[in-house]
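Chemist: what follows is a predicted protein model with its sequence.
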Number of protein chains: 2
Amino acid sequence: MKKTLIIGASGQIGKMTTKQLLADGKTVIALVRDKSKLADISCDKLHIVEGDLENDFSQAFADCDQVIFSAGSGGKTGDDKTMLIDLWAACKAVDYAKLANVSHFVMVSSIGADDPSQGTEIMKPYMVAKHMADEHLIGSGLNYTIFRPGLLTDNNATGKVKTIRPSNKEDMTINREDVASVLTYTVGKSELGGKIFELFNGEKTLADILN
Amino acid sequence: MKKTLIIGASGQIGKMTTKQLLADGKTVIALVRDKSKLADISCDKLHIVEGDLENDFSQAFADCDQVIFSAGSGGKTGDDKTMLIDLWAACKAVDYAKLANVSHFVMVSSIGADDPSQGTEIMKPYMVAKHMADEHLIGSGLNYTIFRPGLLTDNNATGKVKTIRPSNKEDMTINREDVASVLTYTVGKSELGGKIFELFNGEKTLADILN
């Protein structure tokens, strides 16, 4: 039985993805710092592993076949955490995944990570972190898929996305739940490897876009 | 005539290296944010280029054969500058050097950059930045030499170094001027490419160690 490790499973997108995968009958290994954050999910296919992304969390990789990295330091922390979580923990996850021979590593990156120099003063350190983490994954030899969502919103999911960047900045948004649906859809599809997609709300189904 | 670009030429090590290279009769392109910082050096082989490491500084690479990256955000700035200078400016320098087909890129890294996870809480973000910059250089295809000095001191130069890490932490020091001498010695020696050296005060001459 293939198992998916979700790193950052108590984050907003991570938790939505966990619930969606379990609803699909998939087995999830959820890496969280504090398991009480998932206390509202009851499912025998959910295996919670406690770990700290700022230390060694390789124990979470013992029995997984694919990995989704959806952890983030969050907007309220300083740039030290951006360096330690968004960049360094992501690189460590890639290295652990490589040692564990996982078949597919799915990274939740960010729009703008392709070209941090274009970022605003406030966002640039975060974009550098995401860019370098993506670069480390691409160079790792792992079978990878990188998603770079636009500005995240809490609107209801539409189930429709696009991967072509809109011309208006205001249209560069996507619902968190639609990002989670994309991640869920990607599980088991290692043929999506070697690809980088930007993600925005759109008009097409996931099957249309990701096949 | 071969020219050496020094990035961070108004920093302590960068300025010492600039002076040493000029004293050796070498031509130096000195990249600085503010040229008045080099007003005390008068030499027709010194070409000052003003540029900002947080923006595009590719103009400094137009006419150089080798590059020394000795810039640093300094200890007094926040981790946003660690990300933007120690990591991102270093990566941009590597990319510009690649486009300019330089024969040798010499990076001033830091002890601890090999394994940031072992760093102290305070130093870890800096170690991650240096590690990832080194990784970007190594993966670039450029002919590189990376130096990782121990704790920098302002003692007088000894002209003697070692590259084997001392067993006592208190001995893991090196004079800034000795680091500058190592950089100066390295110029024109592209056969030192593909190597990473830690640097400490020691008992051997540069010629003993680096040949």
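Modeler: Okay, I see it.

Chemist: can you give me the helices for chain A?
Modeler: A:12-23, A:79-81, A:90-99, A:124-138, A:176-186, A:206-209 (DSSP state H).

Chemist: kindly reformat the ones you listed as JSON lines containing mean pLDDT, mean neighbour count and distance to B:Gly74.
Modeler: Where you see a C-beta, it was placed from the backbone N, CA and C, and this is true even at glycine. Below are the helices of chain A laid out as JSON lines (pLDDT from 0 to 100; neighbours: other CB atoms under 10 Å in any protein chain shown; distance: least, CB to CB, whole Å):
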{"stretch": "helix A:12-23", "mean pLDDT": "98", "mean neighbour count": "22", "distance to B:Gly74": "36"}
{"stretch": "helix A:79-81", "mean pLDDT": "92", "mean neighbour count": "21", "distance to B:Gly74": "15"}
{"stretch": "helix A:90-99", "mean pLDDT": "98", "mean neighbour count": "20", "distance to B:Gly74": "25"}
{"stretch": "helix A:124-138", "mean pLDDT": "97", "mean neighbour count": "24", "distance to B:Gly74": "16"}
{"stretch": "helix A:176-186", "mean pLDDT": "97", "mean neighbour count": "22", "distance to B:Gly74": "38"}
{"stretch": "helix A:206-209", "mean pLDDT": "89", "mean neighbour count": "14", "distance to B:Gly74": "46"}
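
Chemist: what residues does chain A put near chain B?
Modeler: A:56, A:78-80, A:82-84, A:87-88, A:91-92, A:116-117, A:124-125, A:128-129, A:132, A:135-136, A:139 (CB under 8 Å from any CB of the partner chain).

Chemist: A:Tyr96 contacts A:Phe61, correct?
Modeler: Yes. Between A:Tyr96 and A:Phe61 there is a contact under CB atoms under 8 Å: 4.6 Å.

Chemist: which elements pack onto the one helix or strand in chain A whose mean pLDDT sits lowest?
Modeler: Scoring the helices and strands of chain A by mean pLDDT, DSSP states H and E places helix A:206-209 at the bottom, with a mean of 89. Contact partners of helix A:206-209 among helices and strands, from 3 or more CB pairs under 8 Å, 6 or more residues apart in numbering or on different chains; DSSP states H and E: strand A:160-162, helix A:176-186.

Chemist: OK, contacts around the closest residue in space to A:Leu87 that isn't next to it in sequence?
Modeler: Nearest non-adjacent residue to A:Leu87, counting by CB to CB, 6 or more residues apart in numbering or on different chains: A:Ala129, 3.9 Å away. Taking CB atoms under 8 Å, 6 or more residues apart in numbering or on different chains as the criterion, A:Ala129 is in contact with A:82-83, A:86-87, B:83.

Chemist: separation between A:Ala129 and A:His136?
Modeler: 11 Å (CB to CB, to the nearest Å).

Chemist: what of A:Asn168?
Modeler: 32 Å.

Chemist: A:Asn55 now?
Modeler: Taking CB to CB, one finds A:Asn55 at 19 Å from A:His136.

Chemist: measure stretch A:62-81 end to end?
Modeler: With CA to CA, to the nearest Å as the measure, stretch A:62-81 spans 26 Å from end to end.

Chemist: so where's chain A uncertain?
Modeler: In the predicted model, chain A carries pLDDT under 70 at residues A:1, A:75.

Chemist: need the contact list for A:Ser8.
Modeler: Wrong residue type there; residue A:8 is Gly, not Ser. Counting by CB under 8 Å, 6+ apart, A:Gly8 has contacts A:14, A:31-32, A:53, A:69-72.

Chemist: next, format these as JSON lines and append distance to B:Asn175.
Modeler: Formatted as JSON lines, those follow (distance: CB to CB, whole Å):
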{"residue": "A:Gly14", "distance to B:Asn175": "49"}
{"residue": "A:Leu31", "distance to B:Asn175": "45"}
{"residue": "A:Val32", "distance to B:Asn175": "47"}
{"residue": "A:Leu53", "distance to B:Asn175": "38"}
{"residue": "A:Phe69", "distance to B:Asn175": "42"}
{"residue": "A:Ser70", "distance to B:Asn175": "47"}
{"residue": "A:Ala71", "distance to B:Asn175": "42"}
{"residue": "A:Gly72", "distance to B:Asn175": "42"}
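
Chemist: of these, closest to B:Gly202?
Modeler: A:Leu53 (38.1 Å; CB to CB).

Chemist: didn't that closest one look like it was pressed against A:Gly11?
Modeler: No. Checked against CB under 8 Å, the pair A:Leu53 and A:Gly11 is beyond contact range at 11.1 Å.

Chemist: what is in contact with these two at once?
Modeler: Counting by CB under 8 Å, 6+ apart, the common neighbours of A:Leu53 and A:Gly11 are A:Ala71.

Chemist: which of these two has more residues huddled nearby?
Modeler: Neighbours were counted for A:Leu53 and for A:Gly11 using other CB atoms under 10 Å in any protein chain shown; A:Leu53 has more, 23 against 20.

Chemist: could you check how far the more buried one is from B:Thr145?
Modeler: Relative to B:Thr145, and taking CB to CB, A:Leu53 is found at 33 Å.

Chemist: cool, and A:Ile13?
Modeler: Where B:Thr145 is concerned, A:Ile13 sits at a distance of 42 Å (CB to CB).

Chemist: one more: A:Ser70?
Modeler: With CB to CB as the criterion, A:Ser70 and B:Thr145 are 38 Å apart.

Chemist: distance from stretch A:113-128 to the middle of the chain?
Modeler: Relative to the mean C-alpha coordinate of its chain, stretch A:113-128 is positioned 18 Å out (CA atoms, centre = their mean, to the nearest Å).

Chemist: mind checking the end-to-end distance for that stretch?
Modeler: With CA to CA as the measure, stretch A:113-128 spans 7 Å from end to end.

Chemist: which ones are touching A:Thr184?
Modeler: A:17, A:20-21, A:24.

Chemist: out of the residues you listed, which is nearest to B:Thr158?
Modeler: A:Thr17 (57.6 Å).

Chemist: let me know whether that closest one touches A:Ala180 as I believe.
Modeler: Yes. Using CB under 8 Å, A:Thr17 is in contact with A:Ala180, at 4.3 Å.

Chemist: list the buried residues of stretch A:158-169.
Modeler: Across stretch A:158-169, burial judged by 16 or more other CB atoms under 10 Å in any protein chain shown covers A:160-163.

Chemist: closest to B:Lys45 among those residues?
Modeler: A:Thr163 (52.7 Å).

Chemist: cheers, nothing more for now.
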